[in-house]
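Asker: I would like the atomic coordinates for the input below:
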Amino acid sequence: MVCIFADKNVGKKSLGESGFVNDIVNMKTGITLGISFFLKDIELYGENFRINLWIFSPNKHFEKMQIMQVRLSNGIILLYDITNRKSLNWLSKWSYAKENVVVDDIPILLVGNKLDLEEVREVSKEQAEIFKEKNNLSSSMEISIKTGKNVEEMFKNITRMVITKFNPEIIDE
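Answerer: This next block holds a predicted model:
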């Protein structure tokens, strides 16, 4: 399971509606769980992998339930909007979940979305790198859910990090 944390208007909903992932829970039922559930099939190392994606709502009412799920996760994606500095700062709040992760050094990928809006960028690559280093995150990258740029690579990166973390004998491609 991979958990995705992001503030409002970063692209979580677009990711679910983009066709890059398979929606496994019909969220149109009116039931609000604070989590959207998706599946993603990835091919790496000549093998097929299916990852469960849990995209968390930024609503504080769901923190306790989210903490329980983070304890079960194998990897985390922290998603921010490169055109909104506040969305990167908001990710500092995810530490409540990090403190409750059972597995030490769980792979955490910092991802900047909206690469298609480079001309109105508020978060420089250097700022993202500083955030990554300060928070001891595994890796970082940028994507555009709108255009699809690097989205598949994001899923491959987190899957690769999880696989090599829990199966170190696998040699990178």
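
Asker: And the helices in the chain, which stretches?
Answerer: Taking DSSP state H as the test, the helices found in the chain are 12-17, 63-72, 85-90, 95-98, 125-134, 151-166.

Asker: weakest of those by average pLDDT?
Answerer: If you rank these by mean pLDDT, helix 95-98 sits at the bottom with a mean of 58.

Asker: Check this structure and tell me which residue is nearest its centre.
Answerer: residue 77 (2.3 Å; C-alpha atoms, centre = their mean).

Asker: For the residue lying closest to it once chain neighbours are set aside, give the beta-bridge partners.
Answerer: Computed as C-beta to C-beta, 6 or more residues apart in numbering, the closest residue to residue 77 that is not its neighbour in sequence is residue 4, at 4.5 Å. Backbone N, C-alpha and C define where each C-beta goes, glycine included. Assessed by DSSP bridges, residue 4 has beta-bridge partners residue 55, residue 77.

Asker: which ones are touching the closest residue to residue 90 other than its chain neighbours?
Answerer: If the residues on either side of it in the chain are set aside, residue 90 comes closest to residue 7, at 3.9 Å by C-beta to C-beta, 6+ apart. Applying C-beta atoms under 8 Å, 6 or more residues apart in numbering to residue 7 gives the contacts 58, 80-81, 86-87, 90-91.
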